[in-house]
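K.L.:
could you look at this predicted model? Sequence included:
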Amino acid sequence: MNPKKIILGTLLYLVVTFPLAYCWHLVFFKETYDQIGYINREEPIIAFGFLSILLQGILLSILYPWLCAGKSVLGGALKFLLLMGGYHWTMHVLAAAAKQNIEPLPTWFALETGYLTIQFTLGGLILAMIYRK
């Protein structure tokens, strides 16, 4: 485990992902998320979102070399997208659709699948560049 790479990966993941998440959910598609019933809190707790992405960055920076050892930059980024993005999709998008009254579901699936694809593609590329040989 390389602490410098973990710190760098965490910081870069945070710098890229937090603004993306904020703008995607609370600026660009805020009205749509409100209409479909996903964001129920009048004032979202931004600090929790920041903390969530910070913790993701730490965990993903630790996991990346184990998951993608020996892969090229693009191969590692793709594997990361499929494994971690896929995992996150099942626990976030699919689970929310099962537990919350989100309608219409096709809009929910399209928005969050698009968002997570961008998030984990960028995250995968960042980590792949950091851990490249």
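P.N.:
Here it is on my side, so go on.

K.L.:
helix/strand/coil for Gly70?
P.N.:
Classification of Gly70 using DSSP: H, G, I helix; E, B strand; the rest coil returns coil.

K.L.:
how much space between it and Gly85?
P.N.:
Shown here: Gly70 relative to Gly85, a distance of 20 Å by CB to CB, to the nearest Å. Backbone N, C-alpha and C define where each C-beta goes, glycine included.

K.L.:
cool, and Lys5?
P.N.:
As judged by CB to CB, Lys5 and Gly85 stand 21 Å apart.

K.L.:
higher neighbour count, the two?
P.N.:
Set Lys5 next to Gly85 and count neighbours by other CB atoms under 10 Å: Gly85 wins out with 20 against 16.

K.L.:
I'd say the more buried one and Leu116 touch.
P.N.:
Yes - using CB atoms under 8 Å, Gly85 is in contact with Leu116, at 5.4 Å.

K.L.:
what's the lengthiest helix in the chain packed up against?
P.N.:
Taking DSSP state H as the criterion, the chain has its longest helix at helix 105-131. Other elements packing on helix 105-131 under the criterion 3 or more CB pairs under 8 Å, 6 or more residues apart in numbering; DSSP states H and E are helix 3-23, helix 30-36, helix 46-67, helix 73-80, helix 86-89, helix 95-99.

K.L.:
for it, which residues meet the burial criterion?
P.N.:
Of all the residues in helix 105-131, those buried under the rule 16 or more other CB atoms under 10 Å are 107-108, 111-112, 115-116, 118-120, 122-128, 130-131.

K.L.:
stretch 2-19 too?
P.N.:
5-6, 8-10, 12-14, 16-18.

K.L.:
let's have these in CSV, adding pLDDT.
P.N.:
Listed next are the buried residues of stretch 2-19 as CSV, based on pLDDT from 0 to 100:
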residue, pLDDT
Lys5, 97
Ile6, 97
Leu8, 98
Gly9, 97
Thr10, 98
Leu12, 98
Tyr13, 98
Leu14, 98
Val16, 97
Thr17, 98
Phe18, 98
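
K.L.:
secondary structure element for Pro44, which one?
P.N.:
Following DSSP states H and E, one finds Pro44 outside all helices and strands.

K.L.:
and it, how far from Ala21?
P.N.:
Distance, Pro44 to Ala21, by CB to CB: 11 Å.
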